[in-house]
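Student: pasting the sequence and the predicted model now:
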Amino acid sequence: MALLEVEDLSIDYPRGRVVDGLSFTLEAGGCLGLVGESGSGKSQSALALLGLLPEQARVQGSLRFQGQDLLALPEASRRRLRGSAIGMVFQDPMSSLNPYLRIGSQLTEMLVVHRGLGQGSAEAEALRMLEAVRIGDARRRLRQCPHEFSGGMRQRVMIAMMLLLKPALLIADEPTTALDVTVQAEVLRLLADLRREFGLALLMISHDLGVIAEVADQVLVLYGGRMMERGPVPQVLGQARHPYTRGLIACRPRLDSPLGRPLSAIPGSVVSARDARTGCVFAPRCELARALCQRQRPVWTSVDGGAGLACHAAAGWPENGDG
Amino acid sequence: MSRYALLRLLTALPTLLLLVTLSFFLMRLAPGGPFDGERSLPPEIEASLRAEYHLDEPLPQQYLRYLGGLLRGDLGPSFQYQGFRVRELIAAGLPVSLSLGLLAMALALLLGGATGVVASLRPGSVLDRGLMSLAMLGISVPSYVVGPLLVLLFAVLLRWLPAGGWEPGRWSDLLLPVLALALPQIAAIARLLRGSMLEVLRQPYIRTARAKGLPESRVVLVHALKPALLPVLSYLGPATAGLITGSVVVEQVFGLPGIGRYFVQGALNRDYTLVLGVVLVYGAMIVLFNFLVDLLYGLLDPRLRRA
Amino acid sequence: MAEGLWPLLRRDRGALLAAALLSLLLLLILLGPLLSPYAVDSIDFDADWAQPPQWAGRHWFGTDGLGRDVFVRSLEGGRVSLLVGIAATAVSLLIGVAYGAIAGYFGGRLDELMMRAVDILYALPFLFLVILLMVLFGREFWLVFVAIGAINWLDMARIVRGETLALKQREFVLAARASGLGDFAILWGQILPNLLGTVAVVATLTVPQVILTESFLSFLGLGVQEPATSWGALVNDGAREMERTPWTLLFPAGLLALTLLCLNRLGDALSDALERGAD
Ligand SMILES: Nc1ncnc2c1ncn2[C@@H]1O[C@H](COP(=O)(O)OP(=O)(O)OP(=O)(O)O)[C@@H](O)[C@H]1O
Ligand code: SF4
Ligand SMILES: [Mg+2]
């Protein structure tokens, strides 16, 4: 039994669908990278896993975590899973910690609320965890408020907070995007180390293929709320078959020039799933697109080596009638 | 922090001085004097009275004399209540006014706070819209309308409570006045807090708190309420001013022997020192409350602590 | 900007209701006295004193302790209250817009000085001074709204200054300046017209405040004097007689509250719309 099995996840708002038919599995201790341009639905999918979407969002499909059907759980049980079995680290460490509360109480409350620990032992654990994420002078740091920390340190505090209860799964939503390049590398290394140390499964969200290549073993490419391609990292990033994945790779900044061109160098502008309900969502920007792509949604096709993708071209134009 | 606090307190002094000065000269510029009541006094007696109260001195000298008295903690003699010092009159009325004002403030904070939080949890719901309509009504109906209506309902029609008056120690006498005084402020605070709660609940750190699996009550009361209280805190200054002006009429409506009645009556009778004394007390209370607000601000907002 | 408000406002049913009610109240206040056979201070010697509301004698709101018709008096009081409200708002608008626009437009030292003064004035419990003013200098009718207007211009000045600061960076102002137009010509021709939307909203919110202040003064017996009357004065009279003639309290108090409610609701909606329009 895999740790997390997502099947046909869709998220609808009154204004339209933002995630459409997402499926993947994540083994215990594994790492799945979720890539895609801004607005492709990465954060929405993550929030759906935690059950933190706004009220008007309607979630369909099946989310099985450690064998339980998350969508069928009552809210109270889902809440108890959050933070204790599934942790989440957000993109912006500046605004994701409460600026009005001391770091210490933001850390210890996890242990007090979930484990019923007393203040003293909770503080001792918090201290240990701060040291595990390599924050020096941790005892004094506990008494400080977030504004006294640098961005990278805040993100490490955030990670420490979410690992306090030794969750089986950590979702990291662009944890390094808001950080300096050198700090980025540090945080990524920390995450990799902690993963090994705690036997943690990681769902790594990023629009940076370099990050994914570094930490993930599986990758899922998302565009307009739909899965484009999915599979083992070496296969998908090494021999990409989907035009969108290839586009991402082609316009990826070179590793030695970190301030390279942004990802959206694929011509055209990003769509969301609600813009295109029929056909392939990538068709407006795809160089290979034909009439069929406008009309008919490509079906999911598995290929050798464990990968899969949704593209008419890669499937050899399975035309029915015209093209 | 204590030096900062002291500094704040000192910078408030010019405001008080300005207030006293303005009031002093405003009153002296007005026609009439304390001794032209119904029966006119023989000129010699009036002259001797004026001399006794130093009213025959030039105005700047009187002003300095008054300030000098203030420095010694002396508010001067009352003209209207002959034989009484202003300090004694205020000391007699202040406990009533203070109880009224502080109770109303506490009620406004508690009830207004609770209403604001509850309304913010389900924005747009029937409950929210109902509470906010009531709050809108609350800010539209001033204390001097609420007061008589409360008396009409609870004293005249239902006969549950006395219509007014005051006996030391009988706290039920304060029930209706406090309610009348507090209602507009309850409404104002509820509206303010609802708005700032909605703002705070949108913040990323609230999403983090939920992602930590905290119970919703803790998310709201610990993570959201503290920052949301900051705007309410800055409203406490104006709220104090509102409560004080409100108390002037509420004391009149309910016949409470506070210092509010001295203010209007004193001005009508040209009881210069009494009015100045009351203005000074009111001004000092506003200054004091603003000062407390500043201190609390420092406690609530860690980013200000070092400044 | 002002044209942009209407579509936003149109969807707010509560605000529309408030506007409709307000128009109705206005109509009633202006035309109502024509419906009644009684005059403001005429005493109906045929009717009993202190008569409860009744249809037959055409004393729809009853009569007061002197036998005067409460319906006519309430509407007359409303006319005075609204008049004071609008006049005092006009005073505060005049001062506030001029002050704020000058401070914002010229900026620099002058702006700093002017806004510092506003800060100091904000800290003063102004209503006390107005009370003193009213008590000491007789109770002249014009003094009521000049005094009230004079304390209510601070908000207007602050908001107008902020808007002006933003406006003077806009191209059309820069263009006007480049074409050699004088400062006051620009203030009058370019800045002022663009302030109208904001000013209208602030004014809408000022009117109920002013009415509140006036009725507060009248309640203390310091505002409008007999034989003239206003809602505050009527509430004061009614409160004194409420055990005998509760209707003399209820009707003017109700009309006052309803008017303020509608004005506040409308002002709220307008400022919401303005805020949303700004994004
Ligand atoms: N509350 C909401 N109501 C309606 N649509 C929403 C809501 N929140 C997000 N969306 C839409 O969902 C789509 C996906 O958003 P999401 O935040 O998941 O993108 P993302 O892939 O995380 O992008 P980024 O890289 O910018 O974080 C977007 O088109 C967005 O407009
Ligand atoms: S289905 Fe057509 S449009 Fe979509 S990616 Fe493949 S070729 Fe391009
Ligand atoms: Mg995102």
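Tutor: Received it, and whenever you're ready, just let me know what you need. Numbers count the residues shown, from 1 in each chain, chains lettered A, B, ... in the order given. Ligands and ions are numbered 1, 2, ... in the order given.
Student: so how many other residues sit close to the closest residue to residue A:51 other than its chain neighbours?
Tutor: Spatial nearest neighbour of residue A:51, chain neighbours left out: residue A:78 (4.6 Å); criterion: Cβ to Cβ, 6 or more residues apart in numbering or on different chains. In short, each C-beta sits where N, CA and C put it, glycine included. Residues near residue A:78, counting by other Cβ atoms under 10 Å in any protein chain shown, number 19.
Student: and the nearest residue to residue B:204 once chain neighbours are set aside, what is it in contact with?
Tutor: Take residue B:204 and drop its neighbours on the chain: the residue closest to it by Cβ to Cβ, 6+ apart is residue A:95, 4.3 Å away. Residue A:95 makes contact with B:203, B:204, B:205, according to Cβ atoms under 8 Å, 6 or more residues apart in numbering or on different chains.
Student: centroid-nearest residue for chain A?
Tutor: Geometric centre of chain A, nearest residue: residue A:205, 2.8 Å, by Cα atoms, centre = their mean.
Student: with just CA atoms, put the helix or strand hosting that one into CSV.
Tutor: When elements are assigned from DSSP states H and E, residue A:205 belongs to strand A:201-206. Extracted as CSV, the C-alpha positions of strand A:201-206 are listed here (Å, rounded to 0.1, in the frame of the first residue of the first chain):
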residue,chain,number,x,y,z
ALA,A,201,7.9,11.3,2.0
LEU,A,202,8.1,14.6,0.2
LEU,A,203,5.7,16.2,-2.2
MET,A,204,7.9,18.9,-3.7
ILE,A,205,6.1,21.7,-5.6
SER,A,206,8.2,23.9,-7.8
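Student: identify the residues contacting that strand?
Tutor: For strand A:201-206, contacts defined as Cβ under 8 Å, 6+ apart pick out A:3-4, A:26-35, A:42-43, A:46, A:49, A:168-177, A:191, A:195, A:211-212, A:215-216.
Student: tell me how many other residues crowd residue 209.
Tutor: This is for chain A. Residue A:209 is flanked by 24 other residues according to other Cβ under 10 Å.
Student: not what I meant, chain C
Tutor: 22.
Student: quick check: it touching residue C:152?
Tutor: Yes: using Cβ atoms under 8 Å, residue C:209 is in contact with residue C:152, at 6.3 Å.
Student: state the distance from the spatially most central residue of chain B to residue A:7.
Tutor: For chain B, the residue nearest the mean C-alpha position is residue B:244 (2.9 Å; Cα atoms, centre = their mean). Applying Cβ to Cβ, to the nearest Å, the value for residue B:244 to residue A:7 is 65 Å.
Student: for the closest residue to ligand 2 within the stretch 101-250 of chain C, give its distance to residue C:111.
Tutor: Nearest residue of the stretch 101-250 of chain C to ligand 2 (Cβ to the nearest ligand atom) works out as residue C:171 at 42.8 Å. Using Cβ to Cβ, residue C:171 is found at 22 Å from residue C:111.
Student: circling back to that earlier point, okay, and the residue nearest to residue B:204 sits in which element?
Tutor: Counting by DSSP H and E, residue A:95 is part of helix A:93-96.
Student: can you give me the mean pLDDT across that helix?
Tutor: On average, the pLDDT along helix A:93-96 is 88.
Student: following it, which helix or strand comes up?
Tutor: Criterion used, DSSP H and E; the element after helix A:93-96 is helix A:103-115.
Student: so what touches that following helix?
Tutor: For helix A:103-115, using Cβ under 8 Å, 6+ apart, the contacting residues are A:80, A:83-84, A:97-98, A:117-119, A:121-123, A:125-126, A:129-130, A:141-146, A:149, A:157, A:160-161, A:164-165, B:212-215, B:218, B:222.
Student: C-alpha coordinates for that helix, CSV please?
Tutor: The C-alpha trace of helix A:103-115 is given here as CSV (Å, rounded to 0.1, in the frame of the first residue of the first chain):
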residue,chain,number,x,y,z
ILE,A,103,8.7,31.5,17.6
GLY,A,104,8.8,29.3,20.7
SER,A,105,5.0,29.3,21.2
GLN,A,106,4.4,28.7,17.5
LEU,A,107,6.6,25.6,17.7
THR,A,108,5.5,24.3,21.1
GLU,A,109,1.7,24.7,20.4
MET,A,110,2.0,21.8,17.9
LEU,A,111,3.2,19.5,20.6
VAL,A,112,0.8,20.8,23.2
VAL,A,113,-2.3,20.6,20.9
HIS,A,114,-1.5,17.3,19.2
ARG,A,115,0.5,15.4,21.8
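Student: and that helix, which residues are buried?
Tutor: A:103, A:104, A:105, A:106, A:107, A:108, A:109, A:110, A:111, A:112, A:113, A:114 (16 or more other Cβ atoms under 10 Å in any protein chain shown).
Student: isn't residue A:293 up against residue A:278?
Tutor: No: using Cβ under 8 Å, residue A:293 is not in contact with residue A:278; the gap is 10.2 Å.
Student: comparing the two, which residue is more hemmed in?
Tutor: Using other Cβ under 10 Å, the more surrounded residue of residue A:293 and residue A:278 is residue A:293, with 23 against 10.
Student: check whether the one helix or strand that one maps to comes near ligand 2.
Tutor: Element membership of residue A:293 [criterion: DSSP H and E] is helix A:291-295. Yes: Helix A:291-295 is in contact with ligand 2 by Cβ under 6 Å from any ligand atom, via residue A:293.
Student: how far out from the middle of the chain is that helix?
Tutor: Its chain's C-alpha centre and that of helix A:291-295 lie 30 Å apart, by Cα atoms, centre = their mean, to the nearest Å.
Student: rewinding a little: same list (the contacts of residue A:95) but as a markdown table, adding secondary structure.
Tutor: Shown next, in a markdown table, are the contacts of residue A:95 (DSSP: H, G, I helix; E, B strand; the rest coil):
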| residue | secondary structure |
| --- | --- |
| B:203 | coil |
| B:204 | helix |
| B:205 | helix |
